[in-house]
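**Q** Sharing a model prediction with you, sequence too.
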Amino acid sequence: MCKFNSFGSNFLVNIDKYVNRKYLNNDKSFTRTRKLSLRDTILYPLLQEGHTNSREANNYMKLITGDDFAMISQQAIGEKRGFINPEVYEDMYRDYVDDLYNQFYPDLTLKDYMILAGDTTVIKVPNVSKTKEEFPVAEGKPARARLSTYSDAITGFVFDAKIVEKKSSEVYLAIEHLKNVKKRHPKRKIITTYDRGYNSFELIFKHIELGVDFLMRLNDYTLHKEIEQLDSDDEILRLYLNNNRTKLIKDKELREKFEKERYIDLRVTKVEITNPKGETYTETLLSTLKMDLFSKHDLKELYNLRWTIETDYDRLKNILEMENFTGQRRIIIEQDIYSKIFLLNLLLTFKKDADKEIQEKRKNKKLKHEYQGNMNHMLGVQQTFLYKLINSETIEERQEITNHMMTLANQRLVLKKDPRKKNPERHTGDTETKYQSNNRRS
């Protein structure tokens, strides 16, 4: 059995550890025998196939009972799901990626560093009054929320995520991600990359306090005067701290700590970037990375790696159909998003082994192009066999299922391309959602 798929299937077999009453919002729920048990209800968001709610509900009953005539209303499922805290899916995706890295750490790092990327995307939630109350927006504006994530810039695995109101600060969401990941991986060497929307002294100070390296692209005005005085395109800037740089820090302990410091040393590196149109321009990168470990070229490549998080958002929205929500309440929206993040991590595990097998089969052939697994096709394969994997009883049974999944994954391949040549559509100025609540899942 392929090693990553073996890990994934073993995790699924033990998924019943999340069937725990600690995730219930109401202690009196799930105390009687009903059509849907607590286990059935928790698994429900993981086994969606993109149909309408009524069809999903009845298909699910057929799946778990084996009875082609079993039925349940979408309202009944929605009522049951309302008792379940979305934290169950947060714990699920976090435990999955943490266990994965604890087991395969050397295979998933660069120079023994975890390379993470922080970013946010705007989510189109159901544009109805109920949703607008729970995700407030300005009057007359369509319902929107913000999803913030920390993803591995090499593999794409999502380490931490939070769905919040659209107006929430990207910087403070990043600080929460940073603290969470550092708490879960206290001994790992980590580099986090950011775009220019994260130019914040509070975020910089928090990285230094936690001992986590960072690399961020600067905007045109942050440290502009200081950088103009530098003599080269790659050198250390000694940044003297004053009240103007510390007074806006909201974290009192962090502010008081750096008020006692005279200066901090930061590396400023100017690199030439070529965009997908072939246009070349200069970007300024700010980091804490040591020159003897990371060259100027290394920093440019590290920054380019952060495009993976854009690819993650593209996959979540357009392959896993994250915005195709199964309900309008916030609790259901959060369940849908965090369960999709778990499914993305699971899919990336599947793809990692599938792509390796694809390359092995073609390594001695003189092929003009390099191929990889088709993510849309692989998601279909994964969802087809997910319930069987969860309920498999022996290693031999799991191996038979995963081997068959690998065979199916090899049947549909696509050309391997530079993901930076495709800019995921993230425009949010429109007033219509991709999945209108009156046209789908109702």
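**A** Yep, that arrived. Numbers count the residues shown, from 1 in each chain.
**Q** When you work out contacts or count neighbours from here on, use the C-alpha atoms and nothing else.
**A** Noted.
**Q** Please enumerate the helices of the stretch 101-250 of the chain.
**A** Using DSSP state H, counting those that start in this stretch, the helices assigned to the stretch 101-250 of the chain run over residues 129-134, 170-184, 201-210, 224-228, 243-246.
**Q** where does the stretch 101-250 of the chain dip in pLDDT?
**A** In the prediction, the stretch 101-250 of the chain carries no residues with pLDDT under 70.
**Q** Spell out, range by range, the strands that occur in it.
**A** Taking DSSP state E, counting those that start in this stretch as the test, the strands found in the stretch 101-250 of the chain are 113-124, 144-152, 158-165, 189-194, 213-217, 234-240.
**Q** a markdown table for the helices of the stretch 101-250 of the chain, including mean neighbour count and distance to Phe157?
**A** Below are the helices of the stretch 101-250 of the chain laid out as a markdown table (neighbours: other C-alpha atoms under 10 Å; distance: least, C-alpha to C-alpha, whole Å):
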| stretch | mean neighbour count | distance to Phe157 |
| --- | --- | --- |
| helix 129-134 | 16 | 28 |
| helix 170-184 | 18 | 13 |
| helix 201-210 | 17 | 21 |
| helix 224-228 | 11 | 35 |
| helix 243-246 | 13 | 34 |
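**Q** re earlier: let me know which of the strands of the stretch 101-250 of the chain is the nearest to Leu248.
**A** Ranking the strands of the stretch 101-250 of the chain by proximity to Leu248 (C-alpha to C-alpha) places strand 234-240 first, at 15.9 Å.
**Q** Each with direction, which strands does the closest one pair with?
**A** Strand pairing for strand 234-240, using DSSP bridges, gives strand 263-274 (antiparallel).
**Q** Take the helices of the stretch 101-250 of the chain and write them to TSV, including distance to Leu386.
**A** What follows is those, written out as TSV (distance: least, C-alpha to C-alpha, whole Å):
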stretch	distance to Leu386
helix 129-134	30
helix 170-184	27
helix 201-210	38
helix 224-228	52
helix 243-246	51
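**Q** Quick check: which of those helices is nearest to Leu346?
**A** Among the helices of the stretch 101-250 of the chain, helix 170-184 sits nearest to Leu346 (C-alpha to C-alpha), with 19.1 Å.
**Q** so who does the nearest residue to Lys35 once chain neighbours are set aside touch?
**A** Spatial nearest neighbour of Lys35, chain neighbours left out: Ile72 (7.9 Å); criterion: C-alpha to C-alpha, 6 or more residues apart in numbering. By C-alpha atoms under 8 Å, 6 or more residues apart in numbering, the residues touching Ile72 are 35, 57-58, 61.
**Q** Helix, strand, or coil at Ile72?
**A** Classification of Ile72 by DSSP: H, G, I helix; E, B strand; the rest coil places it in coil.
**Q** Which strand or helix spans Val414?
**A** With elements taken from DSSP states H and E, the one containing Val414 is strand 413-415.
**Q** related to what we said a few turns ago, mind putting the strands of the stretch 101-250 of the chain into JSON lines with distance to Phe258 and mean neighbour count?
**A** Below are these laid out as JSON lines (distance: least, C-alpha to C-alpha, whole Å; neighbours: other C-alpha atoms under 10 Å):
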{"stretch": "strand 113-124", "distance to Phe258": "24", "mean neighbour count": "23"}
{"stretch": "strand 144-152", "distance to Phe258": "26", "mean neighbour count": "24"}
{"stretch": "strand 158-165", "distance to Phe258": "27", "mean neighbour count": "22"}
{"stretch": "strand 189-194", "distance to Phe258": "21", "mean neighbour count": "23"}
{"stretch": "strand 213-217", "distance to Phe258": "17", "mean neighbour count": "22"}
{"stretch": "strand 234-240", "distance to Phe258": "11", "mean neighbour count": "15"}
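**Q** right, so of the ones you listed, which gets closest to Asn324?
**A** Proximity to Asn324 (C-alpha to C-alpha) singles out strand 113-124 among the strands of the stretch 101-250 of the chain, at 9.1 Å.
**Q** Who are the packing partners of that closest one?
**A** The helices and strands touching strand 113-124, judged by 3 or more C-alpha pairs under 8 Å, 6 or more residues apart in numbering; DSSP states H and E, are strand 144-152, helix 170-184, strand 189-194, helix 307-318.
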